[in-house]
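Q: Predicted model, plus sequence, below.
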Amino acid sequence: MANRVEIISKETILPSSPAEPHIRELKLSFLDQIAVPIYTPIIYFYTDDQSDQFCPTDILLRLKKSLSDALTIFYPIAGRIRDGNRFIDCNDNGAEFIEAMVHRKLADIIENCDMDELREYLPVQPQDHPHQGEATVLLVQANLFDCGGIAMAVCLSHKVADGNSLSKFVQAWAAISRGEAAGVVAPNFHVLAEQFRPIDLPEPDLSPSKFIYREKIVTRRFIYDDQKLASLRAEIATAEGSKVKDPSRVEAVSASIWRHFIEHHRRNGCRTFAAVHPVNLRPRMADPPLQAFGNCYVLSPAYVADGDGEHELHRLAELLRNAFRKIDGEYIGEIQRSGGGEYQTLRQSIAITKKEGASVCSFSSWCGFPVYGTDFGWGKPAWVCTTIFPFKNIVILMSRADGKGIEAWVNMLEDDDDGDFKTLGD
């Protein structure tokens with residue numbers, strides 16, 4: 001494995017123009033302040049028939065030049081987090097760009113997904129986020145395969161952006177790369193700190209080790225094709241007593257995976273179960289949706305206690321939907337007025353639930369992100385994926401290339417990787 005990915009060079013990419021003096025300091029919202037300090041990884045794979053119109057040198061020059069221009073528009077990404085997690089110093093220190101050669105056929109990677117191998121294509125591991133000093137916010141690794149394919153790996157600090165913002169940045173970078181910079185619109189970088197004012201936290205321990213389990217974490221990918229999704233949705237909609245007659249893809253898959261977690265942990269003695277989804281606040285705060293860059297979500301927990309019938313698929317889908325619907329304008333207003341108190345209380349209740357032995361399954365849906373439209377100038381990706389997250393019971397949901405199916409990336413303790421999860425996606 002070690003000799004398959006060869007690092008050729010590392011370079012700091014600076015913005016093509018410096019940030020204006022009046023925007024040098026960008027306050028973090030309290031939603032940013034309490035975000036887990038990790039890098040969010042995503043990899044875009046492009047096959048050799050897409051990139052053969054460019055030589056590797058041209059590709060790298062194009063990527064570096066367009067990244068420099070993108071950093072001028074998304075200037076906070078070129079900065080550094082300062083003052084104990086309170087603001088971004090937009091100092092134009094830049095992003096790290098790594099060039100690597102991969103002595104492997106890209107098609108083999110797509111056909112035979114190996115979790116440990118995918119990590120080799122990342123510029124940094126998710127848990128290696130420095131919590132102080134000169135922490136680089138953005139790192140990129142351009143993996144050029146011997147066959148001519150390309151894997152673009154992007155890791156962005158979760159302290160600065162959620163998945164929605166990460167997707168928007170990469171989309172903008174790709175548009176600039178393919179010569180469509182005129183259509184790129186900068187998001188609002190200041191509105192979140194205005195809407196969710198920074199709070200005075202006790203001196204935070206931002207070390208990732210505080211959040212990451214020391215036990216061995218394994219990641220499994222499960223495929224829900226359109227046929228399997230149709231079957232799940234029909235099972236939920238037609239079940240006796242079902243109140244969810246039109247389950248979404250995300251609701252159906254989340255309910256299915258949650259049920260597997262419940263059955264597994266129930267046999268291990270758990271009697272209370274929770275499923276937590278982050279809910280994007282942008283469309284719930286404005287119409288049209290708020291174009292805000294940063295962390296703009298709250299957690300939406302659903303709870304169920306052990307009992308007859310409580311674990312039926314349609315009942316779990318109903319609990320998830322009810323939890324989603326609680327995140328409305330009134331709820332958001334309460335969070336804003338309380339200066340973060342309501343949200344901190346929610347996080348504390350989840351922590352207490354964990355402490356008391358409940359089984360908590362955390363989801364994050366990336367299905368709404370237009371990742372398969374990411375064209376740097378040589379076509380759209382053949383496959384887009386994430387990699388291993390250093391947390392147990394974390395599930396990342398991603399759309400498939402056909403726009404219909406879903407890939408579920410399930411992170412769990414190695415000891416939990418048994419037969420209970422073998423049938424997911426089958």
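A: Now that the structure is in, tell me what you want to look at. Here the structure is a predicted model, which means the values were calculated and not measured.
Q: For Ile88, give its distance to Glu194.
A: Distance from Ile88 to Glu194, counting by Cβ to Cβ, to the nearest Å: 15 Å. From N, CA and C alone the C-beta is placed, and that goes for glycine too.
Q: Which positions are bridged to Phe45 in the beta structure?
A: With DSSP bridges applied, Phe45 shows beta-bridge pairing to Ala151, Trp383.
Q: looking at it, it is touching Gly149, isn't it?
A: Yes: counting by Cβ atoms under 8 Å, Phe45 does reach Gly149; the two are 6.9 Å apart.
Q: looking at the protein, which residue ends up farthest from its center?
A: Within the chain, Glu240 marks the point farthest from the mean C-alpha position, 35.4 Å out by Cα atoms, centre = their mean.
Q: Which residues are in contact with that residue?
A: Not one residue lies near Glu240 by Cβ atoms under 8 Å, 6 or more residues apart in numbering.
Q: Am I right that it is in a helix?
A: No: according to DSSP: H, G, I helix; E, B strand; the rest coil, Glu240 belongs to no helix; its state is coil.
Q: Tell me who's in contact with the nearest residue to Ala172 once chain neighbours are set aside.
A: With sequence-adjacent residues excluded and distances taken as Cβ to Cβ, 6 or more residues apart in numbering, Ala172 is closest to Val184, at 4.7 Å. Residues near Val184 by Cβ under 8 Å, 6+ apart: Ala70, Ile73, Ala172, Ala175, Ile176.
Q: Please list all residues in contact with the residue nearest the centre of the chain.
A: Most central in the chain under Cα atoms, centre = their mean is Gly163, positioned 4.3 Å from the mean C-alpha point. Residues near Gly163 by Cβ under 8 Å, 6+ apart: Thr40, Ser364, Trp366, Phe369.
Q: Then Phe293?
A: Contacts for Phe293 were tallied using Cβ under 8 Å, 6+ apart; they are Phe74, Pro76, Ala161, Ser165, Lys168, Phe169, Pro187, Asn188, Phe189, Leu192.
Q: Check Ala408 too.
A: Here Ala408 is in contact with Arg221, Phe222, Ile223, Tyr224, Val253, Ile257, Val395, Ile396, Leu397, Leu424, Gly425 (criterion: Cβ under 8 Å, 6+ apart).
Q: could those residues go into JSON lines alongside pLDDT?
A: Below are the contacts of Ala408 laid out as JSON lines (pLDDT from 0 to 100):
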{"residue": "Arg221", "pLDDT": "93"}
{"residue": "Phe222", "pLDDT": "94"}
{"residue": "Ile223", "pLDDT": "94"}
{"residue": "Tyr224", "pLDDT": "96"}
{"residue": "Val253", "pLDDT": "97"}
{"residue": "Ile257", "pLDDT": "96"}
{"residue": "Val395", "pLDDT": "96"}
{"residue": "Ile396", "pLDDT": "97"}
{"residue": "Leu397", "pLDDT": "97"}
{"residue": "Leu424", "pLDDT": "70"}
{"residue": "Gly425", "pLDDT": "56"}
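Q: and stretch 314-333, what's its mean pLDDT?
A: Average pLDDT, stretch 314-333: 93.
Q: Which residues in that stretch does the neighbour count mark as buried?
A: Using 16 or more other Cβ atoms under 10 Å as the burial criterion, the residues of stretch 314-333 that qualify are 314-321, 323-324, 327, 331-332.
Q: what's the closest of the residues you listed to Thr386?
A: Nearest to Thr386 out of those is Leu320 (Cβ to Cβ; 21.4 Å).
Q: can you give me the helices for the stretch 301-426 of the chain?
A: Remark: helices assigned in the stretch 301-426 of the chain by DSSP state H, counting those that start in this stretch are 313-325, 329-337, 341-355.
Q: then the shortest one to CSV, C-alphas only?
A: As requested, C-alpha coordinates have been extracted for helix 329-337 and formatted as CSV (Å, rounded to 0.1, in the frame of the first residue of the first chain):
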residue,chain,number,x,y,z
GLY,A,329,-38.9,29.2,12.8
GLU,A,330,-40.1,29.3,16.4
TYR,A,331,-37.4,26.8,17.5
ILE,A,332,-34.7,28.7,15.6
GLY,A,333,-35.8,32.0,17.2
GLU,A,334,-35.6,30.5,20.7
ILE,A,335,-32.0,29.4,20.0
GLN,A,336,-31.1,32.9,18.8
ARG,A,337,-32.8,34.7,21.7
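Q: Fine by me, thanks again.
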